[in-house]
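Trainee: The sequence isn't on hand, but the structure is:
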């Protein structure tokens with residue numbers, strides 16, 4: 001009788017909502033959010049304790065965060081400031097909720113009378129005067145790039161400044177995508193949502209902060225997340241000798257990674273408008289192929305011998321095939337394995353504009369010599385050349 005594969009495992013209960021790791025894992029809203037099971041199993045079985053993982057398109061940092069909780073080092077990079085903000089806050093949050101609340105109180109005192117004024121119909125319908133004042137004071141005062149406490153508070157503010165009714169600081173908004181002002185005003189008017197909720201923003205944020213910190217912060221190994229383009233950042237880094245490259249590159253032609261976050265980007269100092277010159281939809285296949293290939297080439301220089309490569313890609317053949325072509329070009333001697341997967345919840349794909357259908361994706365794996373029993377048991381099969 002053939003023995004069953006022995007697959008290394010640690011209970012995934014560490015990601016339960018009643019644990020510190022579980023509460024912080026879900027912090028921040030962004031695209032390409034690794035499900036807990038996916039990244040947990042990959043890191044646990046494709047790396048050993050105290051090794052390092054590399055994620056050159058880290059988004060809100062789920063990969064690096066999970067790695068550090070599991071006792072691995074991590075280097076994550078993302079070019080979008082909102083993604084970096086959430087990832088950096090998770091890898092190194094302020095130590096206590098009292099620190100964040102004290103800074104919030106200082107920002108509340110820094111509000112000016114002019115901060116309550118709206119500059120447009122959209123702004124007047126989006127936030128009550130007290131909320132507008134707090135957001136503008138925070139935008140002016142917080143040193144989110146260099147201060148751990150300020151960065152943590154800014155992450156809470158940007159997370160909750162647009163949300164569903166009763167859940168955040170705004171009138172009804174998508175929690176993920178920031179629609180244009182014209183569309184939002186028309187939609188609110190049609191729905192009779194002419195006034196934003198009159199709430200105490202400081203009290204609401206204090207409650208959000210307390211709930212996030214209720215189980216403390218998790219014990220983590222050392223991890224770093226960089227704000228920038230991996231093609232420029234990786235050549236400047238000392239070799240990290242990562243045992244695993246695990247990432248989800250931007251999906252080609254699906255979403256605009258810049259303009260879909262224009263409201264939150266405004267909080268970080270950018271103009272209060274969409275900027276089509278900075279659109280990041282990746283509609284050009286040639287440019288997208290060059291981006292993926294270049295990032296993989298730079299990432300290769302930071303991998304140790306025998307490292308594994310795991311890429312989660314959009315299942316549409318255009319994106320998946322370009323990722324596979326890049327992997328084969330950069331690692332021509334490695335075996336390429338493939339499996340199809342489906343997002344665990346319809347809501348994930350709903351926030352990506354798929355109307356509530358569960359997103360379908362493809363996992364691409366070059367395992368090296370590691371975890372044969374694991375990947376054989378996980379549905380990976382050889383990819384056709």
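Mentor: Looks like it arrived, so ask away. Since the structure is predicted, the reported quantities are computational estimates derived from the model, not experimental observations.
Trainee: Return the helix or strand in the protein with minimum mean pLDDT.
Mentor: Taking mean pLDDT, DSSP states H and E as the measure, the chain has helix 346-350 as its least confident helix or strand, at a mean of 45.
Trainee: which helices and strands sit right next to the longest helix along the chain?
Mentor: Counting by DSSP state H, the longest helix found in the chain is helix 285-300. Applying 3 or more CB pairs under 8 Å, 6 or more residues apart in numbering; DSSP states H and E, one finds that helix 285-300 contacts helix 230-233, helix 317-330. Backbone N, C-alpha and C define where each C-beta goes, glycine included.
Trainee: Reformat the ones you listed as TSV; add mean neighbour count and mean pLDDT.
Mentor: Listed next are the helices and strands packed on helix 285-300 as TSV, based on neighbours: other CB atoms under 10 Å; pLDDT from 0 to 100:
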stretch	mean neighbour count	mean pLDDT
helix 230-233	18	97
helix 317-330	18	91
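Trainee: could you dump those to JSON lines with distance to residue 17?
Mentor: Formatted as JSON lines, the helices and strands packed on helix 285-300 follow (distance: least, CB to CB, whole Å):
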{"stretch": "helix 230-233", "distance to residue 17": "32"}
{"stretch": "helix 317-330", "distance to residue 17": "32"}
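Trainee: wait, which of those is closest to residue 256?
Mentor: helix 317-330 (15.3 Å; CB to CB).
Trainee: Could you verify my assumption that residue 231 touches residue 299?
Mentor: No - assessed by CB atoms under 8 Å, residue 231 is found out of contact with residue 299, at 10.0 Å.
Trainee: Please, where are all the helices along the stretch 101-250 of the chain?
Mentor: 121-126, 129-141, 148-160, 181-191, 201-213, 230-233 (DSSP state H, counting those that start in this stretch).
Trainee: Distance of the residue minimising distance to the centre of the chain relative to residue 139?
Mentor: Geometric centre of the chain, nearest residue: residue 60, 2.0 Å, by CA atoms, centre = their mean. Here residue 60 is placed at a distance of 20 Å from residue 139 (CB to CB, to the nearest Å).
Trainee: and what of residue 74?
Mentor: Taking CB to CB, one finds residue 74 at 29 Å from residue 139.
Trainee: Settle it for me: which of these two has more neighbours?
Mentor: residue 74 (31 against 19; other CB atoms under 10 Å).
Trainee: Can you give me every residue that contacts that one?
Mentor: Residues in contact with residue 74 (CB atoms under 8 Å, 6 or more residues apart in numbering) are 52-55, 63-65, 67-68, 91, 221-225.
Trainee: hang on, the earlier thing: listing partners with orientation, what would you give for whichever helix or strand comes after the least confident helix or strand of the chain?
Mentor: As assigned by DSSP states H and E, the chain's next helix or strand after helix 346-350 is strand 360-366. Strand 360-366 pairs in its sheet with strand 303-314 (antiparallel), strand 337-342 (antiparallel), by DSSP bridges.
Trainee: quick one, which of these is nearest to residue 127?
Mentor: Nearest of these (CB to CB): strand 303-314, 34.0 Å.
Trainee: what sits up against the closest one?
Mentor: With CB under 8 Å, 6+ apart, strand 303-314 has contacts from 32, 34, 38, 42, 46-47, 54, 241-249, 251-252, 254, 319-320, 323, 327, 331, 334, 341, 361-371.
Trainee: So which bits of it are buried?
Mentor: For strand 303-314, a neighbour-count test (16 or more other CB atoms under 10 Å) marks 303, 307-314 as buried.
Trainee: Repeat that for stretch 291-305.
Mentor: Quick answer for stretch 291-305 (16+ other CB under 10 Å): 291-296, 298-299, 302-303.
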